[in-house]
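Visitor: Have a look at this fold, sequence not included:
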């Protein structure tokens, strides 16, 4: 299987948006699709989103979403890959694509956050050059804050 990747800066078409919402809810098991949709709409209303999508044929299997925090700084907000597709480099390809997009547009700093319970995401971020810069108390426990400086 060779995944196909798409990058969107405009709001997604309704059918594709609905697929993404279902995928987010499925990957983050404690979240209902309606909650995922509300969160996505809230962020989209505040700032344009960069949405990276991974497909196996017509099936949406992974995503990476981010937005500008402030000029020069990009926040990598949400991402995930269906469990049956993990370990195949899809999350890494989505992350690399996001970082390349940011670099081409002059961003110099990326930030993301994760929880210790999602160790695979923490490890992926560290492997892609992020440094742990702090922690904050989050709604689901201690949040690990990571940053990466982009080289142009």
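Guide: Yes, it's here. These figures come from a predicted structure and were not determined experimentally.
Visitor: going forward, measure contacts and count neighbours with C-alpha atoms only.
Guide: Noted.
Visitor: what sits against residue 110?
Guide: Neighbouring residues of residue 110 by CA atoms under 8 Å, 6 or more residues apart in numbering: 73-76, 147-150.
Visitor: Residue 137 and residue 50: what is the separation?
Guide: 26 Å (CA to CA, to the nearest Å).
Visitor: who has more neighbours, the two?
Guide: residue 50 (23 against 9; other CA atoms under 10 Å).
Visitor: residues contacting that one?
Guide: Counted by CA under 8 Å, 6+ apart, residue 50 has contacts 7-10, 65-67, 98.
Visitor: Now do the helix or strand bottoming out on mean pLDDT in the chain: everything it contacts.
Guide: Least confident element among the helices and strands of the chain, by mean pLDDT, DSSP states H and E: helix 33-46 (a mean of 91). Surrounding helix 33-46, the residues in contact under the criterion CA under 8 Å, 6+ apart are 11, 21-22, 24-25, 49.
Visitor: Could you identify the buried members of these?
Guide: 21-22, 24-25, 49 (16 or more other CA atoms under 10 Å).
Visitor: need the residues you listed in TSV with distance to residue 43 and secondary structure, can you?
Guide: Formatted as TSV, the buried ones among the contacts of helix 33-46 follow (distance: CA to CA, whole Å; DSSP: H, G, I helix; E, B strand; the rest coil):
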residue	distance to residue 43	secondary structure
21	13	helix
22	17	helix
24	14	helix
25	16	helix
49	8	strand
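Visitor: re earlier: tell me the buried residues in the least confident helix or strand of the chain?
Guide: For helix 33-46, by 16+ other CA under 10 Å, it's 33, 36-37, 40.
Visitor: repeat for stretch 92-112
Guide: Applying 16+ other CA under 10 Å to stretch 92-112 flags 92-95, 97-99, 102-103, 107-112 as buried.
Visitor: Just the ones of these in helices?
Guide: With DSSP state H as the criterion, helices contain 92-95, 97-99, 102-103 from among those.
Visitor: Save the residues you listed as TSV, and put in distance to residue 3 and pLDDT too.
Guide: TSV is the format used below for these (distance: CA to CA, whole Å; pLDDT from 0 to 100):
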residue	distance to residue 3	pLDDT
92	12	97
93	10	98
94	11	98
95	14	97
97	13	98
98	16	98
99	18	97
102	22	97
103	23	97
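Visitor: max-length strand in this protein?
Guide: Secondary structure of the chain per DSSP state E: the longest strand is strand 59-70.
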